[in-house]
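> got a predicted structure plus its sequence, pasted below:
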Amino acid sequence: MFMTSKEKRHCQPCNQETSHVVVLVRKESAFAGDEKQSTKEFIAGLIKGWAVGPFLAEMDDFERHLICECCGQKTVED
Ligand SMILES: [Zn+2]
């Protein structure tokens, strides 16, 4: 699952503010790893859900991929 949007960002190669495509990609670690890891992440997710609300807990499972529309430079944010 992913979502896209547009965002004005500074691009290093372009050395200016350019339009970036933002793609939200689910982190692989949410699925990968052994059972203990998954359980730990599940519990951590639950605790985060209680602490900050379901929406933010869900967002935490995504990486933000920002792709410059001018040069194609990709930046990944947690
Ligand atoms: Zn660029």
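Now that the structure is in, tell me what you want to look at.

> for the rest of this, base every contact and every neighbour count on C-alpha atoms.
Fine.

> quick check: Ala44 vs Lys27, distance?
Separation of Ala44 from Lys27 (CA to CA, to the nearest Å) stands at 15 Å.

> ugh, wrong one, I meant Cys68
Noted for Cys68: a distance of 21 Å to Lys27, by CA to CA.

> who's more crowded, these two?
Cys68 (25 against 14; other CA atoms under 10 Å).

> show me where this protein has strands.
For the chain, the strands defined by DSSP state E occupy 2-11, 16-26, 62-68, 74-77.

> count of residues packed around Thr18?
Look at Thr18: counted by other CA under 10 Å, it has 18 neighbours.

> so it touches Glu69, yeah?
Yes - in this structure Thr18 lies within contact range of Glu69 using CA atoms under 8 Å: 7.1 Å.

> quick one, what contacts the residue nearest to Lys6 when sequence neighbours are not counted?
The spatial neighbour of Lys6 that comes closest, neighbours along the chain excluded (CA to CA, 6 or more residues apart in numbering), is Val21 at 4.7 Å. The contact partners of Val21, by CA atoms under 8 Å, 6 or more residues apart in numbering, come to Thr4, Ser5, Lys6, Glu7, His65, Leu66, Ile67, Cys68, Glu69.

> now these in JSON lines, please, with extra columns for distance to Asp78 and pLDDT.
Formatted as JSON lines, these follow (distance: CA to CA, whole Å; pLDDT from 0 to 100):
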{"residue": "Thr4", "distance to Asp78": "16", "pLDDT": "76"}
{"residue": "Ser5", "distance to Asp78": "16", "pLDDT": "87"}
{"residue": "Lys6", "distance to Asp78": "17", "pLDDT": "92"}
{"residue": "Glu7", "distance to Asp78": "16", "pLDDT": "93"}
{"residue": "His65", "distance to Asp78": "9", "pLDDT": "91"}
{"residue": "Leu66", "distance to Asp78": "11", "pLDDT": "93"}
{"residue": "Ile67", "distance to Asp78": "15", "pLDDT": "94"}
{"residue": "Cys68", "distance to Asp78": "17", "pLDDT": "96"}
{"residue": "Glu69", "distance to Asp78": "20", "pLDDT": "95"}
